[in-house]
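Chemist: model this:
(one chain, ligands or ions: 2)
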Amino acid sequence: MTKGTQADVNPDLKKERLKCNFNIQEVTFIIDGGKDKTLQRKKIEDVALNIAASIDEVPEECLNLKERYDNAVRKSCVYSNIVKNELLEITGLEALGSPGLRRTADAFFKDVSPFMLHLGMFVPTIIGQCTPEQQAHWLPKALEMQIIGAYAQTELGHGTFIRGLETTATYDPATEEFVLHSPTLTSTKWWAGGLGNTANHCIVVAQLYTKGQCHGTHPFIVPIRDLDTHEPFPGVKVGDVGIRMGFNTADNGFLRFNQYRIPRENMMMKNAKVMKDGTYVKVARHEKLTYGTMVFVRVTLVMEAAFNLAKAATIAVRYSAVRRQSQPKPGEPEPQILDYPTQQHKLFICIATAHALQLTGLWLWRTFEAVLADMRKGDTDSLPELHALSSCLKAVSTSDSAALIEQCRFACGGHGYMLSSNLPLLYSFVTATRTYEGDYTVLLLQTARFLVKAWEQAESGKVLTPTVAYLACAAAKEKVVWSDSVDGMIRSFQAVAAGKIAACAENIKRLTKTGTSLEDAWQLSTVRLVAASEAHCRAMICQAYWHEVTRLTASCSASVKIVMEQLATLYLVYWALETTGDLLRYSTICESELNKLQLKYEELLALIRPNAVGLVDAFDFRDEILHSTLGAYDGRVYERLMEEALKSPLNETSVQSSFHKYIRPLAKGKL
Ligand SMILES: CCCCCCCC/C=C\CCCCCC(=O)SCCNC(=O)CCNC(=O)[C@H](O)C(C)(C)COP(=O)(O)OP(=O)(O)OC[C@H]1O[C@@H](n2cnc3c(N)ncnc32)[C@H](O)[C@@H]1OP(=O)(O)O
Ligand SMILES: Cc1cc2nc3c(=O)[nH]c(=O)nc-3n(C[C@H](O)[C@H](O)[C@H](O)COP(=O)(O)OP(=O)(O)OC[C@H]3O[C@@H](n4cnc5c(N)ncnc54)[C@H](O)[C@@H]3O)c2cc1C
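Modeler: Ligands and ions are numbered 1, 2, ... in the order given. A predicted model of the protein is given here:
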């Protein structure tokens, strides 16, 4: 963070920091995943931000679309050089997934870099889908930025239903080439980040045909532009998809092929091969391993959701400590808006959710690494559970994060609507995460498939995998005894999930017994399947969050343990109160216990209040990363709002030319 001199800091924020009763750094270490990770992140920030600080002369939002894109490319090149020459030196390839790299990217780009998908998906797909020989060929070029790549899977006509993609890759043994073709308008690749004007290579997911047979979708590395002239190759039509709600510097593009040829070696052949004579050979033990990059990105998106929500919470909490409004007690000074319990209700759940998602995200990352290690040994048994886990966690984390970022904007009143607060841009960026890499509903339904099967296994007494082990106890189908202890609440959330899953399974059974096909019975149950999947995910987040807090604070100071536990308890109580209908149905909770729970929630808000600014300081965002007039460390909110307003091109002259062209003639009746 940029602390400046204490004299510059808003007096209310200064007082807030004096009130904080825990060691901020200890919490920062927990959030980063350990002291070593924090130190590495800070090192990366120090290197990168020295350059970022002076990189934008004019605010990004004051530029027109084309200027913004050009500026984003310029900054992407500066940033890539830093990554290549300095940051990879610090951490090696691991840097690509490091929080330091993620954070420093935000210092360069208020919106999104057109290179984001190069590092975010092109490079990971090379690592995940190429043979070692192919990796040796492509990876150094990609890391050296000699080639820039995009990931083109989605088409104009299909995003969710990958099996429905229409682009074809037909093998021609005579020339040992694949012929890529876009047979219809709807087969046009659409949305790929970085594709429109920036990338010269692209991973294309296409239906593979060889020896007259279709083998389903497979990924190919496709050169699309000349490396020197950057002109698209003959047979390739590429461009920008048009203006979007956000991501306008991300260069999302479309792509069409007209009988375009690429060498056989450009098929990514880790999981399946096409031999020179056109013989198709399946290498992978699991059907869905070609979907591996999506699983990887879904896993990272959970921490991405936490990261963006933490930024919004930092902005809104600091602003709420500076902002004073209304006079609830006659004659007394206007209170800081952070003193209103309703404001605490809006904001403390944001801090708690950022913690919950970050700690669950770190746990998911470790699970992902363990499954990957198993798969390297040829064991794919835990892939379905990882898919179910990453699908629902991606769906719920991105959805919660977007909703709560919007809540942070509401919490900042009118000033939250200013682009300079950075909350609108943050929201437009994060709300897209609910859709891309698998839509919310679609992913929850993927998890639901796994849950219904697990329920059937529980009923027949089979051993269950860890994340659904709770279903075994619930198979008894009795209401769980409510208790407002942490363990009691988690047990109740699990009972709600189990009850909902059981109801879905029963509904499907009832429908099929009366002659409905399994497919129709499933469709008729999808509203409740989505709800069951969300309940399962919530129970899992609660359990993982609490487990991680207990584990990670075991060696911390008592005050850190207390504040971390207060936040985690707040998260649980908040969700209990949000789902009282479910608890009444699946647990023994009664009205007096609900009243007690409400009181407990209000007590927690009051307990957290003195530490609120300390808690957001612990997210440790430097001002260059927050980009916010409302959220800077020094709290000079009004000064910054004025400074930013004066940068508006509409303030360059005191009278605009439109006055002379239109308003004056209108007033004179001469228009
Ligand atoms: C430096 C700056 C860094 C900034 C960092 C920010 C981070 C962001 C990084 C990148 C940004 C990303 C931008 C966005 C990119 C994209 O959006 S790429 C496109 C992504 N597209 C999707 O996600 C499409 C979603 N659809 C699907 O995943 C699938 O089509 C489907 C799962 C919905 C259905 O697939 P289908 O083939 O039809 O399968 P089913 O018949 O439904 O199921 C068959 C069985 O297969 C299981 N399964 C499905 N997927 C997987 C998987 N991935 N892994 C393992 N298993 C899978 C499924 O559960 C079925 O199993 P059962 O038969 O046993 O039930
Ligand atoms: C900012 C952004 C960046 C992107 N970047 C990339 C990229 O780099 N590369 C890439 O390949 N793609 C990219 N995408 C595309 C993205 O992955 C898809 O938009 C996403 O997977 C959703 O697919 P869709 O658009 O086809 O939506 P649809 O599948 O058409 O969804 C529309 C609605 O139908 C519902 N629906 C669809 N199927 C079902 C079902 N089976 N059951 C119930 N409901 C259903 C959905 O829930 C949704 O409400 C990007 C998208 C965005 C917004």
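
Chemist: Need phi/psi at residue 23.
Modeler: phi -80, psi 110 (degrees, to the nearest 10).

Chemist: can you pull the pLDDT of it?
Modeler: Residue 23 is assigned 98 on the pLDDT scale.

Chemist: and it, how many neighbours does it have?
Modeler: Neighbourhood size, residue 23 [other Cβ atoms under 10 Å]: 16. To be clear about C-beta, it is placed using only N, CA and C from the backbone, and glycine gets the same treatment.

Chemist: quick one, what contacts it?
Modeler: With contact taken as Cβ atoms under 8 Å, 6 or more residues apart in numbering, residue 23 is in contact with 557, 559, 560.

Chemist: ok, now residue 255?
Modeler: Residues near residue 255 by Cβ under 8 Å, 6+ apart: 152, 182, 188, 189, 192, 195, 202, 204, 224, 236, 237, 238.

Chemist: Specify the local secondary structure of residue 205.
Modeler: strand (DSSP: H, G, I helix; E, B strand; the rest coil).

Chemist: Could you check what's spatially nearest to it, not counting adjacent residues?
Modeler: The shortest distance from residue 205 to any non-neighbouring residue, by Cβ to Cβ, 6 or more residues apart in numbering, is to residue 153 (4.2 Å).

Chemist: Pull the number of nearby residues for the one you found.
Modeler: Neighbours around residue 153, by other Cβ under 10 Å: 25.

Chemist: Run through this structure and note the low-pLDDT ranges.
Modeler: The model of the chain has pLDDT under 70 over residues 1-7, 52-54, 91-97, 475-476.

Chemist: Tell me which residue of this structure lies closest to ligand 2.
Modeler: In the chain, the residue that lies nearest ligand 2 is residue 159 (2.2 Å; Cβ to the nearest ligand atom).

Chemist: Name all residues that make contact with that residue.
Modeler: If a contact means Cβ under 8 Å, 6+ apart, then residue 159 has 191, 439 as its contacts.

Chemist: returning to what we had before: out of the contacts of residue 255, which one sits closest to residue 564?
Modeler: residue 192 (40.4 Å; Cβ to Cβ).

Chemist: mind checking how far that closest one is from residue 171?
Modeler: Relative to residue 171, residue 192 is positioned 24 Å away (Cβ to Cβ, to the nearest Å).

Chemist: Looking at the two, which has the bigger crowd around it?
Modeler: residue 192 (28 against 24).

Chemist: Which parts of the stretch 1-150 of the chain are helices?
Modeler: Secondary structure of the stretch 1-150 of the chain by DSSP state H, counting those that start in this stretch: the helices cover 11-19, 24-32, 35-52, 65-82, 88-91, 99-108, 116-117, 123-129, 132-143.

Chemist: Doesn't residue 219 belong to a strand?
Modeler: Yes - under three-state DSSP, residue 219 sits within a strand.

Chemist: need the contact list for it.
Modeler: By Cβ under 8 Å, 6+ apart, residue 219 lies in contact with 125, 129, 203, 204, 205, 267, 268, 290.

Chemist: Give the burial count for the closest residue to ligand 1 within the stretch 1-150 of the chain, as a bare number.
Modeler: Of all residues in the stretch 1-150 of the chain, residue 120 sits closest to ligand 1, at 3.1 Å by Cβ to the nearest ligand atom. Residue 120: 24 surrounding residues under other Cβ under 10 Å.

Chemist: which ones are touching it?
Modeler: By Cβ under 8 Å, 6+ apart, the contact set of residue 120 is 193, 297.

Chemist: re earlier: counting only strands, which of the contacts of residue 255 make the cut?
Modeler: 152, 189, 192, 202, 204, 236, 237, 238 (DSSP state E).

Chemist: Weed out the non-buried ones from the contacts of residue 255.
Modeler: Burial by neighbour count, judged by 16 or more other Cβ atoms under 10 Å, picks out 152, 182, 188, 189, 192, 195, 202, 204, 224, 236, 238 from those.

Chemist: Can you tell me which of those residues is closest to residue 485?
Modeler: Of all those, residue 485 sits closest to residue 192, with 48.9 Å by Cβ to Cβ.
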